[in-house]
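Engineer: build me a model:
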Amino acid sequence: MMSTVQVRIVGTDLPLRSSHEGVHVGAQRGRVVEQLVPVTAERVVLDLELRPKGGRDAVGPHAQGKPGERFVYLVWVEGAEKTMFRRAKLLLADIPDAVWQAGLDGATIEAEVALTDPCGEPLCARIPPDALTWTVRGEADEPSG
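Structural biologist: Sure, this is the predicted structure:
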């Protein structure tokens with residue numbers, strides 16, 4: 001088993017009509033938001049690292065939640081101060097078994113998600129499984145961010 005699982009989140013359909021100013025999205029690492037990308041970008045690519053801890057559980061600075069209920073946060077910030085105003089959860093339990101296993105075997109797990117909600121605002125709350133496309137990427141087909 002690998003000592004880490006690489007997860008790439010690819011965000012598309014960014015919320016350009018947001019009512020917030022100077023909006024960026026990034027990944028929560030501990031209590032810090034990192035890898036911030038402005039909503040004016042074509043897409044968002046966030047690379048995270050998790051350490052498997054048996055079954056579908058994982059730990060590490062990007063893993064949030066209780067054992068067996070882990071998730072990663074996408075965080076929305078605004079303005080010059082980068083003040084957080086929304087977060088979206090991607091549950092590890094929503095990763096298909098075959099994709100998770102491939103991640104344990106060394107492939108990168110990739111989640112593609114549209115980041116605009118039906119009202120044109122930044123996506124928030126739990127992202128439903130049907131709103132994510134989970135795939136496996138080997139080293140040979142890694143896209144450049």
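Engineer: chain center to stretch 31-45: distance?
Structural biologist: For stretch 31-45, the separation from the chain centroid amounts to 10 Å (computed by Cα atoms, centre = their mean, to the nearest Å).
Engineer: now do the buried residues in it.
Structural biologist: Across stretch 31-45, burial judged by 16 or more other Cβ atoms under 10 Å covers 33, 35, 36, 37, 39, 44. C-betas here are computed from N, CA, C, even on glycine.
Engineer: distance of the first one from residue 14?
Structural biologist: With the distance defined as Cβ to Cβ, to the nearest Å, residue 33 ends up 16 Å from residue 14.
Engineer: which of the buried residues of stretch 31-45 fall within strands?
Structural biologist: Mapping the buried residues of stretch 31-45 onto strands (DSSP state E) picks out 33, 35, 36, 37, 44.
Engineer: quick one on the thing from earlier: which one of the buried residues of stretch 31-45 sits closest to residue 21?
Structural biologist: residue 39 (10.5 Å; Cβ to Cβ).
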